[in-house]
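# would you be able to build a 3D model of this:
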Amino acid sequence: MNRLRVSSITEQVVTHLRDGIRRGRWEGTMPGRIALAEELGASRKTVALALTRLEQEGILEPQGLGRARRIVPTEVEAKAKPMRVSILLYESIDARLHYVVDLKHQLQEAGYVVSIASKSLIELGMNVSSIARFVGKFETDLWVITSASRDVIRWFAEQPIPAFAFGGRHRTLSIAGAAPNKLPTYRAVVSRLVDLGHHRIVLIVREQHRLPSLGPIARIFLETLEDHDILVGLYNIPNWEDSPEGLLRCIDSLFATTPPTALIIDEVHLFHAVRIHLAHSGILAPQDVSLICTDSDPSFEWCRPTIACMRWDSRPFVQSVVRWAEKVSRGQDNRRKTNSKVEFVEGGTVDPVSKMTAR
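Okay, here's the model as predicted:
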């Protein structure tokens, strides 16, 4: 009977680094032992031993004291470089979103070289001509674009470099994509607010959902209000300049005349900005206004009161991007779309109108 052999920590690190090099996780030179130790959660001594082992195997080549070790390519690796994936974010701050971090990590683990574009769609004005010039300067094999407008997604769909639309208005376009199906949840949220006595309900969304014409989210929101015999207009979906100052001016204007009893706010960082601004003005949730975010975030669980939000699982979407990249890398024209259900989590930032007016 063969005895079970348990690998030492050093051997496990050697195997991990060796496999990562073969998958193209690192190119040209290897990160130093300090950076690798932090990434792997191992001691610097263990990482140093593992790097020395890889030198002995001829996988790494020392370049002298204080210089990064060179990765020695094999014959096969020299012929086939790993595919490059570039992620074009809606806004630069989105790089911190948990599903964007997870997406980058999963793609890297699958052997792709991943980079975040130096400018976001917002910085490029969501303008097709500006985006075309910017994208033209990139050397990449695949694009992942997040929360783009319909015109931008259509442009990417027509380009020779394959692209994946992560969110955004891609539903009827010929492009691979993934998005949470929020429309039924919007209807459920509005109906729930009306049941609680709310009639002055305002939706705060970016320009791409409002202009040049109302998108599906804005339309379903207004239609649901009308179904409950509530008159609708610009008050319910106000226009605002896409900047922090523009957002806060919009909020101040709303509360200066006919204060809404409920705000539905798209995007986590917009929600936090509005909530903090209102609190500084002495307007609290749910005492003075009900607040709902159309996304979820791990930070919401730490808030008191807890945040009312729309919750969806981002993991299937991240996996769908990786599967798409794998199929495209094998020469398959994959334009499959993925959707998932979204649930309404009625947190502590929602109250009946009667409770608000009684305070």
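# any weak-confidence spans in the protein?
Within the chain, the segments meeting pLDDT under 70 span 1-7, 74-81, 357-359.
# and the strands in it?
60-61, 70-71, 84-88, 113-116, 142-146, 163-166, 176-180, 201-204, 262-265, 290-293, 308-311, 337-340, 343-345 (DSSP state E).
# mind putting those strands into CSV with mean neighbour count and distance to Val100?
Backbone N, C-alpha and C define where each C-beta goes, glycine included. What follows is the strands of the chain, written out as CSV (neighbours: other CB atoms under 10 Å; distance: least, CB to CB, whole Å):
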stretch, mean neighbour count, distance to Val100
strand 60-61, 18, 31
strand 70-71, 16, 27
strand 84-88, 22, 7
strand 113-116, 17, 8
strand 142-146, 23, 7
strand 163-166, 26, 9
strand 176-180, 23, 13
strand 201-204, 23, 22
strand 262-265, 26, 20
strand 290-293, 26, 17
strand 308-311, 22, 17
strand 337-340, 15, 17
strand 343-345, 16, 21
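# out of those, nearest to Trp240?
Comparing the strands of the chain against Trp240 with CB to CB, the closest turns out to be strand 201-204 (7.8 Å).
# list the strands paired with the closest one, with their directions.
Strand 201-204 pairs in its sheet with strand 262-265 (parallel), by DSSP bridges.
# and the strands of the chain as a markdown table, adding distance to Thr10?
Converted to a markdown table, the strands of the chain look like this (distance: least, CB to CB, whole Å):
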| stretch | distance to Thr10 |
| --- | --- |
| strand 60-61 | 15 |
| strand 70-71 | 20 |
| strand 84-88 | 32 |
| strand 113-116 | 27 |
| strand 142-146 | 35 |
| strand 163-166 | 38 |
| strand 176-180 | 40 |
| strand 201-204 | 53 |
| strand 262-265 | 50 |
| strand 290-293 | 46 |
| strand 308-311 | 42 |
| strand 337-340 | 41 |
| strand 343-345 | 45 |
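# quick one: closest of those strands to Phe300.
Relative to Phe300, the nearest member of the strands of the chain by CB to CB is strand 308-311, separated by 5.9 Å.
# direction included, what does the closest one pair against?
Strand pairing for strand 308-311, determined by DSSP bridges: strand 290-293 (parallel), strand 343-345 (antiparallel).
# in JSON lines: the ones you listed, plus distance to Arg206.
JSON lines is the format used below for these (distance: least, CB to CB, whole Å):
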{"stretch": "strand 290-293", "distance to Arg206": "14"}
{"stretch": "strand 343-345", "distance to Arg206": "21"}
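# and of the ones you listed, who's closest to Met356?
Of all these, strand 290-293 sits nearest to Met356, with 7.8 Å by CB to CB.
# got a list of contacts for that closest one?
Under the contact criterion CB atoms under 8 Å, 6 or more residues apart in numbering, strand 290-293 has outside partners 189, 193, 196, 198, 261-268, 271, 274-275, 285, 300, 307-310, 349-351, 356.
# how near is the residue nearest to the spatial centre of the chain to Thr140?
Nearest residue to the geometric centre of the chain (CA atoms, centre = their mean): Val100, 4.3 Å. Applying CB to CB, to the nearest Å, the value for Val100 to Thr140 is 17 Å.
# just the ones in helices from the contacts of strand 290-293, please.
189, 193, 268, 271, 274-275, 356 (DSSP state H).
# among the residues you listed, which two are most distant?
Greatest spatial distance among the ones in helices among the contacts of strand 290-293 (CB to CB): Val268 and Met356, at 24.2 Å.
# of these two, which one has the most company?
Val268 (23 against 19; other CB atoms under 10 Å).
# would you mind measuring from the more buried one to Phe164?
Using CB to CB, Val268 is found at 22 Å from Phe164.
# which ones are touching the nearest residue to Glu123 once chain neighbours are set aside?
Nearest residue to Glu123, sequence neighbours excluded (CB to CB, 6 or more residues apart in numbering): Ser92, at 6.9 Å. Residues near Ser92 by CB under 8 Å, 6+ apart: 119-120, 122-123.
# out of those residues, which end up buried?
120, 122 (16 or more other CB atoms under 10 Å).
# could you identify the most distant pair in the contacts of Ser92?
Among the contacts of Ser92, Lys119 and Ile122 lie farthest apart (CB to CB), at 8.9 Å.
# what number of residues lie near Val232?
Residues near Val232, counting by other CB under 10 Å, number 14.
# surely it meets Glu226?
Yes: the pair Val232 / Glu226 is scored as a contact, 5.9 Å apart, by CB atoms under 8 Å.
# what does stretch 210-223 contact?
Under CB under 8 Å, 6+ apart, the answer for stretch 210-223 is 150, 169, 171, 182-183, 186-187, 190, 203, 205, 208-209, 232, 236-237, 239, 264, 266.
# can I have the buried ones of the residues you listed as a ChimeraX selection?
This is how ChimeraX selects the buried members of the contacts of stretch 210-223, with burial counted by 16+ other CB under 10 Å:
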select :150,169,182,186,190,203,205,208,209,236,237,264,266
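# could you export stretch 180-190 as CSV, CA atoms only?
The C-alpha trace of stretch 180-190 is given here as CSV (Å, rounded to 0.1, in the frame of the first residue of the first chain):
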residue,chain,number,x,y,z
PRO,A,180,-29.7,41.1,-14.0
ASN,A,181,-33.4,41.1,-15.0
LYS,A,182,-34.5,44.1,-12.9
LEU,A,183,-37.7,45.0,-14.7
PRO,A,184,-40.1,42.8,-12.7
THR,A,185,-38.3,43.9,-9.5
TYR,A,186,-38.8,47.6,-10.4
ARG,A,187,-42.5,46.9,-10.7
ALA,A,188,-42.6,45.1,-7.4
VAL,A,189,-40.7,47.9,-5.6
VAL,A,190,-43.0,50.6,-6.9
